[in-house]
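Trainee: I need the structure of the sequence given here:
(chains A and B)
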2 protein chains.
Amino acid sequence: MINHVFPICQTEMLFKRTLPPRSCEPFGCCKFRKAELSMVNQMKAAKMGQITEEMKIVAKEEDESPKKICRRVAAGRVVITRNMERENAIPLGIGEGLRTKVNANVGTSADLCDLNLEVEKAKIAVKYGADTVMDLSTSGDLDEIRKTMLKAVDVPVGTVPIYQTAIEIIKDKEAIIHMDEDDIFNTIEKHAKDGVDFMTLHCGVTEQIVKRIAKHPRLMGIVSRGGTFLAAWILHHNKENPLYANYDYLLEIAKKYDFALSLGDGLRPGCIFDATDWPQIQELLTIGELVDRAREADVQAIVEGPGHLPLDQIESNVQLEKSICKGAPFYVLGPVVTEIAPGYDHIVGALGGTLAGLAGADFLCYLTPAEHLGLPTLEDVKEGVIVTKIAAHAVDIVKLGSKASARDFVVAKARANLDWKKQIENALDPEKAKKIRSRIKLKTPKTCSMCSQYCAIKILKEALKAEGQCL
Amino acid sequence: MINHVFPICQTEMLFKRTLPPRSCEPFGCCKFRKAELSMVNQMKAAKMGQITEEMKIVAKEEDESPKKICRRVAAGRVVITRNMERENAIPLGIGEGLRTKVNANVGTSADLCDLNLEVEKAKIAVKYGADTVMDLSTSGDLDEIRKTMLKAVDVPVGTVPIYQTAIEIIKDKEAIIHMDEDDIFNTIEKHAKDGVDFMTLHCGVTEQIVKRIAKHPRLMGIVSRGGTFLAAWILHHNKENPLYANYDYLLEIAKKYDFALSLGDGLRPGCIFDATDWPQIQELLTIGELVDRAREADVQAIVEGPGHLPLDQIESNVQLEKSICKGAPFYVLGPVVTEIAPGYDHIVGALGGTLAGLAGADFLCYLTPAEHLGLPTLEDVKEGVIVTKIAAHAVDIVKLGSKASARDFVVAKARANLDWKKQIENALDPEKAKKIRSRIKLKTPKTCSMCSQYCAIKILKEALKAEGQCL
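Mentor: Presented below is the predicted three-dimensional model:
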């Protein structure tokens, strides 16, 4: 018996903790109910050294001391996503020293508007390990979709309110440019009242940057939908971005409901040739100031990061965000490290996400095989979540050591024992592993169809046994 | 019009060069025939400053000067895989400063022995970008399989001769331990005569290491099939590994046919908990000496690298190999960076391969979704090659700059122009990209089903146009 880093009992405990069972029945039956949670502003409480119920839940889930979580929330280095109005979500910690989180985007479009399908996607995403879900719907009854989504899953839910503002204007036969400034904030407050836990708000898409892009175009322009809606508005009205101009008002709303700002990367590079350019970094600098103002106002803020970057620019981008935004949790989309793989961009994003996570990114937004091509199917959502989860987990093995690798140890040990049942049970996707293993009839059931009787593990065991040794 | 790094004409030229059209018709019609090539030992010629036809072909394919290729071959930092007996393969350069190469393993097993299927796998692998194919068959008429494979594809073919030696002994109702030393070398010479371009030979699995593993077991023992065959032989006979003991004889054979040694990593860690341990590094040190001896004997050598490593040990492992083996090309399997994703190990391997490539690994061996579970299907082979190709390509964008990213530029430009035809044509897998794009009926054919009329690119273009600007 080899004396390894973790005794098995500890291993199993850790395994359970890092992958808590999720309930995602619609309309309730969740673990944490509003009544059990504190109704206080997390950051304000943290600044006073007050450990809230939410902090305790995060600490338990992360195997970390509540005091440390409290200190990091106070400093804005950990964000707890939980709107005080939300009925049924497990509070989630995102940031320094915590498990790398994964977000899955779902939502309708004008080409495919099916609420049930999108709810199904959200549930599949949670089943395979998504820590949060964003509803990016742009078609149908957006209020109904959002409310349904908030009830259907017990993970934090995010939205991009500007989509609804823009789309409702267009529905009334008008153009995006006719969005009313009040409408923008009214939509945000509506989402907050419904219990949305975090919102992407493109506050850093300033008039200065948009006008510069208009004069000095980059290859892909602006690829953020919300960023583009605001850029079109700014260009037409020749006015500052309302989210930037009225940022204090936005902070007031956020503080009231205690939802987290996810400061959107409206100017993220849309191809590797635009990476780390003037607009992207100018927006980041603006966001750095906005993070400071959010913290002063007791509002938690996450920073969204670059979309497309070549591999060698990922580490420096993460370091830059961490430095400019003083340790605010970094939420990255991808990064996408090559343009030539549509159909496989979930994998491209996982490659970039791995490097970003290693460099310190805290929160990975999944891509699906449909990225750059269309809306994902249920199968695409599952694939996207699993692949991004693999990246996050591989990073956490490095970041968190045995806290994260306990399940790997179980699988490695099962593999060494040719214990196929245990290997498959502990796989990220047991159904798929089982299906692959069983599709070829095995002559020697203890081994697999790759080596059959010439299995290295089996042969070594026999050879050692013959010598009176064992593995 | 943006003035980018590459004018389009150059872009297209580079794109063609980095992805040469492959012919893989069985029995001939290949671009380079034996008669057109030099019949000299590449390393010997290189040491004398003689630029061979093979070096010219590699230089052209890599957009590099023949002189540089020649110097690197002389130093053993670039290996040209090409057996002088091979009739139909395009010589391939692997190593310093060259495009990162991808290998695909195919081959029968006792559980599924179908020559035609394996040939089909090899062809699919080459179609989707595999630079080499290894025939790892362990069942059926191994001579026939190998000869057929060598004719069926025009890329370098590798084998692991010890499989045949071991399996033929077992066929005669004996155990692996009864392998005859002469048989081991006779098999190698047989493979060489058939034209095998590179062979995995586990010369570094020494008696010392095997005996230490028997006394101080590691979690996964030995997971290399060839390594285990030799370990069992060593333990039983209480003798040194014949490939190590008679290494000079091996070098004689290799020199005669000019096939490349791929010095096998018989002691590679089989799980992340065995990573960078005593047996692995002791084997590497032995291999370092064997590389020196190969170079002295005008034999080209590649070094095979670790199987399972956590992400943070990849860079140091690559640096170690490059240092100990004085810049010999590094051929990595994965690395596999987590144990919990059977069914997705092609992606796990691509994550590790990306980090290895960035650190200087030259040659990535694919994994398929079936890794750790069984033999791959045709679809698995395709997936495995594409995913590994993505990793290699993302690395090459960093390593080789515009030489590698020309095709990305074409796709990015097409994306900016909403030119779907060009995006799809230039995708790594156009069929898959097309299928995803077309599965939802589009209301606005210029955009995709993700955003439909709210396409960021379209809206920004319109907004800029209204202002008299354009992207």
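Trainee: So the residue nearest the centre of chain A: helix, strand or coil?
Mentor: Against the mean C-alpha coordinate of chain A, by CA atoms, centre = their mean, the closest residue is residue A:103 at 2.7 Å. The three-state assignment at residue A:103 reads strand, by DSSP: H, G, I helix; E, B strand; the rest coil.
Trainee: Mind pulling up the pLDDT for residue A:453?
Mentor: The model reports residue A:453 with a pLDDT of 88.
Trainee: ok, it - contacts?
Mentor: A:443, A:444, A:447, B:110, B:170 (CB atoms under 8 Å, 6 or more residues apart in numbering or on different chains). Any C-beta I mention is one placed from the backbone N, CA and C, and that applies to glycine too.
Trainee: Tell me how many other residues crowd the fourth one.
Mentor: With neighbours defined by other CB atoms under 10 Å in any protein chain shown, the count for residue B:110 comes to 18.
Trainee: thinking again about what came up before, from what I can see the residue nearest to the centre of chain A touches residue A:364, true?
Mentor: Yes - if you go by CB atoms under 8 Å, residue A:103 and residue A:364 touch, sitting 7.2 Å apart.
Trainee: Just checking the distance from stretch A:82-92 to the centre of its chain.
Mentor: Offset of stretch A:82-92 from its chain centre (CA atoms, centre = their mean, to the nearest Å): 16 Å.
Trainee: and it, how far apart are its ends?
Mentor: 7 Å (CA to CA, to the nearest Å).
Trainee: And the contacts of that stretch?
Mentor: Contacts for stretch A:82-92 (CB under 8 Å, 6+ apart): A:20, A:28, A:30-34, A:37, A:39, A:42, A:53-54, A:57-58, A:61, A:80-81, A:101, A:131-132, A:150-151, A:153-157, A:192-197, A:257-259.
Trainee: now the strands for the stretch 201-350 of chain A?
Mentor: With DSSP state E, counting those that start in this stretch as the criterion, the stretch 201-350 of chain A has strands at A:260-263, A:301-305, A:330-333.
Trainee: Run the contact check for the second one versus chain B.
Mentor: Okay, so that is strand A:301-305. No - using CB under 8 Å from any CB of the partner chain, we find that strand A:301-305 stays clear of chain B, coming within 14.9 Å at best.
Trainee: now swap in stretch A:126-133 and tell me
Mentor: No - for stretch A:126-133, no contact with chain B is found by CB under 8 Å from any CB; the gap never falls below 10.9 Å.
Trainee: thinking again about what came up before, buried subset of the contacts of residue A:453, written for PyMOL?
Mentor: The PyMOL command for the buried members of the contacts of residue A:453 (criterion: 16 or more other CB atoms under 10 Å in any protein chain shown) is given here:
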select buried, (chain A and resi 447) or (chain B and resi 110)
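Trainee: And residue A:385, how far from chain B?
Mentor: 11 Å (CB to the nearest CB, to the nearest Å).
Trainee: what's around that residue, how many residues?
Mentor: 28.
Trainee: Let me know the next secondary structure element after the lengthiest helix in chain A.
Mentor: In terms of residue count, the longest helix belonging to chain A (DSSP state H) is helix A:378-400. Counting by DSSP states H and E, the next helix or strand C-terminal to helix A:378-400 is helix A:402-416.
Trainee: That following helix to helix A:378-400, inter-axis angle?
Mentor: 110 degrees (axes from the mean of the first three to the mean of the last three CA atoms, to 10 degrees).
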